[in-house]
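J.: Got a predicted model here, sequence first, then my questions.
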Amino acid sequence: MEKVMEIPEFVDREKEKRELKAVLSGRPNFVYFVYGPINSGKTALLMKVFEELPEEYKIFYINFRGRDVERVEDLMRVLFRVKKGRFSEETKEFVKEVLKEGAKVLKKLKGIPVPENVFDLLFKRTDKVEDVFAYLEEYFEGIVKEGWRPVLVIDELQVIRKVINATGQLVLDRLFNFMVRLTKETHLCHCLCATSDCLFIEDVYSNARLEGRAKYLLVDDLGKESAFEVYSAFGFEDRELVWDYIGGKVGDMVILFEEKKRGYSEREALERMFRDEAAKFELLLRSLKYSPLRVNVRGSVIEVKAEEFKEGLKIFKEKEEVFAREVEEPVLLGGVQENILFYNPLEGTVRPQSRLLWRVIREVMSNEWI
């Protein structure tokens, strides 16, 4: 019987793993933002680290990816995992009851367990977001008192950036204040936030309220040497060819692996991936002829048309990465908004979201498509 190829379980990132474990081994002092390009392996890295942590860690994992969060009520439905049945209404007593479920069950909780009656009470008072955060602080106090080490993980936090409560204040600002209190002030709970939205990271980085209270961990695409090691795990043969097309993008490695399982050669599979990426890029440029990108540049809404967008991307014809100041700001913002460009505000650099996309952009510039 022919052996079925399997995707390698984890793309090893020893440096990032060591850094995260070092962060979690000490007392909570900062809010950590884990950021990087699309499909670079941020969530996989977090999950691997959590698997390897000692049993006393309790991970509360909140994933906003794909969730429709427009109101505070929506936020609460994602934050909490309602437990039905007879439970104590006293927070610390309820925490004890939850912890009795066993360490294996509680290794990674998808949502914060809360009794149904308490959730109903909080849900009715969504005009007072501070009540929700006060409950959560007491909750984490109970976890720590029982001898455990809580870690609050929020994946794709930027989804809630526009949620406003009944008093007209942005909930995200309240959440930032709450995470600062959990880390810098009370040292109760580690807080990790993962995102692929680099404009969101820029907002966070320039937020005076978080200065000295937040740190940043970049989970980037792999460098050539590391990528070649992973290619071997995937069974790729022509490593230089693969690098030329997809570089160190972990997500693209998985796609190539799946294409090879379907019977395509590496070159055929890479060409198929290129044509698919080119078709999507061409569709974007065509749409911009009729519906320009609208970006907010320092409070003014600017339209970016197809020709302007193409002209701005010409800087990538020869170089894969440039300083952000070299790119016209509307083109930079529009490219990031459409997931064409990855902007790193901490380093002040910008590049296409993937090496495959860079190849497409160069082809477009050479052949003057559209």
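T.: Arrived safely.
J.: show me where the chain has strands.
T.: 31-35, 57-63, 80-83, 108-110, 112-115, 149-155, 190-195, 214-218, 293-297, 300-304, 322-323, 341-344, 349-352 (DSSP state E).
J.: quick one: which of these is nearest E268?
T.: strand 349-352 (23.2 Å; Cβ to Cβ). The way it works is simple: take the backbone N, C-alpha and C, and place the C-beta from them, glycine included.
J.: just checking, what packs against that closest one?
T.: Contact here means 3 or more Cβ pairs under 8 Å, 6 or more residues apart in numbering; DSSP states H and E; on that basis strand 349-352 packs against strand 322-323, helix 329-337, strand 341-344, helix 355-367.
J.: Which neighbouring elements make contact with the longest one?
T.: It refers to helix 355-367. Counting by 3+ Cβ pairs under 8 Å, 6+ apart, helix 355-367 packs on helix 239-246, helix 266-290, helix 306-313, strand 349-352.
J.: I'd like those as JSON lines, with mean neighbour count and distance to V336 appended.
T.: Output for these, formatted as JSON lines (neighbours: other Cβ atoms under 10 Å; distance: least, Cβ to Cβ, whole Å):
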{"stretch": "helix 239-246", "mean neighbour count": "17", "distance to V336": "21"}
{"stretch": "helix 266-290", "mean neighbour count": "15", "distance to V336": "13"}
{"stretch": "helix 306-313", "mean neighbour count": "18", "distance to V336": "12"}
{"stretch": "strand 349-352", "mean neighbour count": "20", "distance to V336": "8"}
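J.: By mean pLDDT, point me to the weakest helix or strand of the protein.
T.: strand 108-110 (a mean of 63; mean pLDDT, DSSP states H and E).
J.: Just tell me which of the helices and strands packed on helix 355-367 ends up closest to V171.
T.: strand 349-352 (29.7 Å).
J.: Give me the distance from that closest one to the chain's centre.
T.: 17 Å (Cα atoms, centre = their mean, to the nearest Å).
J.: just to revisit the earlier point, K21 is nearest to which of the helices and strands packed on helix 355-367?
T.: strand 349-352 (27.4 Å).
J.: Just the residues contacting that closest one, thanks.
T.: The contact list for strand 349-352, computed with Cβ atoms under 8 Å, 6 or more residues apart in numbering, reads 316, 320-324, 327, 332, 335-336, 340-344, 358, 361.
J.: Same check on stretch 320-336?
T.: Contacts of stretch 320-336 (Cβ under 8 Å, 6+ apart): 198-199, 293, 295-297, 302, 304, 308-309, 311-313, 315-316, 340-343, 345, 348-352, 355, 358.
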